[in-house]
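Engineer: Generate coordinates for the sequence data below:
(2 chains)
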Amino acid sequence: MHQSFLVRFSIVLAILLLPHLASAETWYVKKSATKLQAEASARSDVLGKLQKGTSVKVKKKSGKFFQVSAGGKTGWVFRFKLTKKAPAGGQGDGDVLSALGGDQKMSARESASGSSIRGLSPISEQHARKKGATDESIQAVKNMEKFKVRPEELDQFLEEGKLGEYSQ
Amino acid sequence: MRNNNLKISQFSFFCLGVFGLLVWANPSYSFNLDGFLKEVEKSSRPQPQPKKEELDIKTQESPPQTQQSSGNDGIIGLGQSLGIFDKKTSNILKQSVNTLQALQPIAYKEEKAIGGRLAVEVFSRYGGAYDDPELLRYVTLVGQAVADVSSRPDIDYHFAILNTEHPNAFATPGGYVFVSIGLLRMIENEAQLAGVLAHEVAHISQKHALQTLERSRSLQGVSSLTLAVMDKNPGMLDKLIDEVSNVLFTKGLDKNLEFEADKYGREFAYRMGYYPGGLQNFISKLGKSTEGGKSIFMSTHPSAGERYSLLKNSGSRYQKASLYPVLKKRLQSALKRPIEP
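Structural biologist: Got it, this is the predicted structure:
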């Protein structure tokens, strides 16, 4: 009686757990141009760039890198470029489609973020002028918005400091 | 006796089964840092204050609230007609629904317009821009690095150095981050700078000023704050900017939001591979210095002692990161200080 219960219970538990153990976790890319690399190292070859909102299947975890598959390719991504949180909505626009063809989901609200909004809004500038802000202060904000660092420059900075994906 | 043993065994297997199901239901919880931080957020975030019911401004820009409202009224009305709610309860529920629908979350375009306007205010009030493109490049690289591993890396972040000797740091909505040259002169290493910048990035990524703004009395009756609404209601925009300026530059954000920005700031610096104690060390240094008394970064924030203690007491998960780099020489080189050993 006891043994029979144990066997039955183990079978039920195995049925419940096995499909899950076999399936990979789904994570999402947080920012466009996230690198998919050949190995769990920032110095390895870049297989492609993933776009924001791309869903990836995590196959393995190794330190600060996750091995993922997306759009038929498998590679490694720095883990903090990924999130478990699924993007809301699903109304992604054309320019965010993944170069690798992964599943796309992103919110319409956030699709307006990043590169599509440039410069100090005319309403902000008019209001600042009305309130007596100087040309110098307004120009300072415009200069601040124009000042950029190139991705390669940031990459080199991280490598030199052994930071981010280059950290040990 | 045998029966008892059997019962105990069955109970043990039942417990094992329940545990198995729990693991099955949420297998990756322990890896979910965002989830962990959300839990922190839930516990520390103040609850929004209820808004006044009276609507001051009606605009044509409002989304179809009426339909939603009538839908909810309908359900509540149905509950009333079925005897589930009495009239008084129905009215309270209807009022609650209307309050919750009072303002749609502010979208990024509008957030950036408000943040840009406040950024002009920062330059006007705090000495203008400090002219050193090389140093600005360094600050931007550190700031962008921590922003890239934040919970909101997908917007543009802009960094500036303010020409004031008072040690200050600010963030305005939409991605504008400021540090004063006075603060940079006090910083001892790059990990401390990363901590300060990550604290400011956290205010933006967690939309702290926006939360305050969404509860603003100036926005009562506005269901959707669009650029067109701002354009058509200059009086409202005046009040809004005055109110947020007062919070950011004089009164300070809610204490719990500052603690939250400290925790997130440390987390972002840690994710980037910096020594995670940088922020708490700088807070301690600023708290002890006479310059700290002149700092908006201090006067609009909870006391340095409170912030230091909170970070110290909640930092057990960062113990393994105590050997992460602080990059002292790189900061000294960027600030053209003599390189200390």
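
Engineer: can we go C-alpha only for contacts and neighbour counts from here?
Structural biologist: Noted.

Engineer: Sketch out the low-pLDDT regions of chain A for me.
Structural biologist: Scanning chain A for pLDDT under 70 picks out the ranges A:1-7, A:9-23, A:89-117.

Engineer: my read: residue A:57 touches residue A:66, true?
Structural biologist: No. Residue A:57 lies out of contact with residue A:66 (CA atoms under 8 Å); the separation is 9.5 Å.

Engineer: Just want the phi and psi numbers for residue B:158.
Structural biologist: Note on residue B:158: its backbone torsions stand at phi -120, psi 140 [degrees, to the nearest 10].

Engineer: From what I see, residue B:181 and residue B:129 are in contact.
Structural biologist: No. Using CA under 8 Å, residue B:181 makes no contact with residue B:129, being 9.6 Å away.

Engineer: list the residues that contact both of the two?
Structural biologist: Listed contacts common to residue B:181 and residue B:129 are B:161, B:162, B:163; contacts here mean CA atoms under 8 Å, 6 or more residues apart in numbering or on different chains.

Engineer: distance of the first one from residue B:202?
Structural biologist: Look at residue B:161 and residue B:202: by CA to CA, to the nearest Å, they are 18 Å apart.

Engineer: The last one too?
Structural biologist: Distance, residue B:163 to residue B:202, by CA to CA: 23 Å.

Engineer: more crowded one of those two?
Structural biologist: residue B:202 (29 against 17; other CA atoms under 10 Å in any protein chain shown).

Engineer: Surely the more buried one touches residue B:150?
Structural biologist: Yes. Judged on CA under 8 Å, residue B:202 makes contact with residue B:150 at a distance of 7.3 Å.

Engineer: Write out the residues of the stretch 201-341 of chain B neighbouring chain A.
Structural biologist: When proximity is defined by CA under 8 Å from any CA of the partner chain, the stretch 201-341 of chain B lies next to chain A at B:227, B:230, B:231, B:271, B:272, B:273, B:274, B:327.

Engineer: The second one: what secondary structure?
Structural biologist: Same thing as residue B:230. The assignment at residue B:230 comes out as helix when based on DSSP: H, G, I helix; E, B strand; the rest coil.

Engineer: who's in contact with it?
Structural biologist: A:123, B:236, B:237.

Engineer: May I see the buried residues of whichever strand or helix holds the first one?
Structural biologist: Remark: residue A:123 resides in helix A:122-130, with elements defined by DSSP states H and E. Along helix A:122-130, these residues count as buried under the neighbour rule (16 or more other CA atoms under 10 Å in any protein chain shown): A:123, A:124, A:125, A:127, A:128.

Engineer: and which of those residues is nearest chain B?
Structural biologist: residue A:124 (4.7 Å; CA to the nearest CA).

Engineer: and the residue nearest to that closest one when sequence neighbours are not counted, backbone torsions?
Structural biologist: Nearest residue to residue A:124, sequence neighbours excluded (CA to CA, 6 or more residues apart in numbering or on different chains): residue B:117, at 4.7 Å. Backbone torsions of residue B:117, given as degrees, to the nearest 10, read phi -60, psi -40.
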